[in-house]
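> here's a sequence, model it:
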Amino acid sequence: IWDLIRKKYVVLSPEEWVRQHVVHFLNQALKYPLRHIQVERSFPLYGTVKRFDIAVYAPSGGIHILVECKSPSVSIDQHTFDQIARYQLALHSSFLMVTNGLNHYFCVLDQEGQGYQFLPQLPAYQP
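Numbers count the residues shown, from 1 in each chain. The predicted structure follows:
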């Protein structure tokens, strides 16, 4: 399948199917410009190298939305939320999204990072 962000063909695995649908959702439904979206980028975390699935950058340069994608066969559970919470510690995004393509969760971490405030949807792009 053609990846609009990486500008190349990628293997359409179940997780990639979810990732591509989220990119299209962010761009077409929420109007985030493709130039603000990055896919599968590495970053350092506690002496290791991790990789996020999708990040949407704010015009200021910080990460506005961090997305963790799972295959549709993977249930979204506490482990998934723990994973994105660890990534959040390093990346400091404003909003979080966790999805397996079937179930979608939008949230923010509370100020102390001890819990999630779930949201009905993500904010649309504001230039």
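> buried ones in the helix or strand harbouring residue 117?
Taking DSSP states H and E as the definition, residue 117 sits inside strand 116-119. Buried residues in strand 116-119, counted by 16 or more other Cβ atoms under 10 Å: residue 116. In this view, the C-beta of every residue, glycine as well, is placed from N, C-alpha and C.
> elements contacting that strand?
Packing contacts for strand 116-119, counted by 3 or more Cβ pairs under 8 Å, 6 or more residues apart in numbering; DSSP states H and E, involve strand 104-109.
> now for residue 97, how many residues are close by?
Other residues within reach of residue 97, judged by other Cβ atoms under 10 Å, total 24.
> now do residue 28
For residue 28, using other Cβ under 10 Å, the count is 9.
> same deal with residue 30?
14.
> now do the nearest residue to it once chain neighbours are set aside against residue 38, distance only.
Spatially, and ignoring its direct neighbours in sequence, residue 30 is nearest to residue 124 (4.7 Å; Cβ to Cβ, 6 or more residues apart in numbering). From residue 124 across to residue 38, the span is 19 Å (Cβ to Cβ, to the nearest Å).
> what about these two, which has more around it?
The neighbour comparison of residue 124 against residue 38 (other Cβ under 10 Å) goes to residue 38, with 15 against 10.
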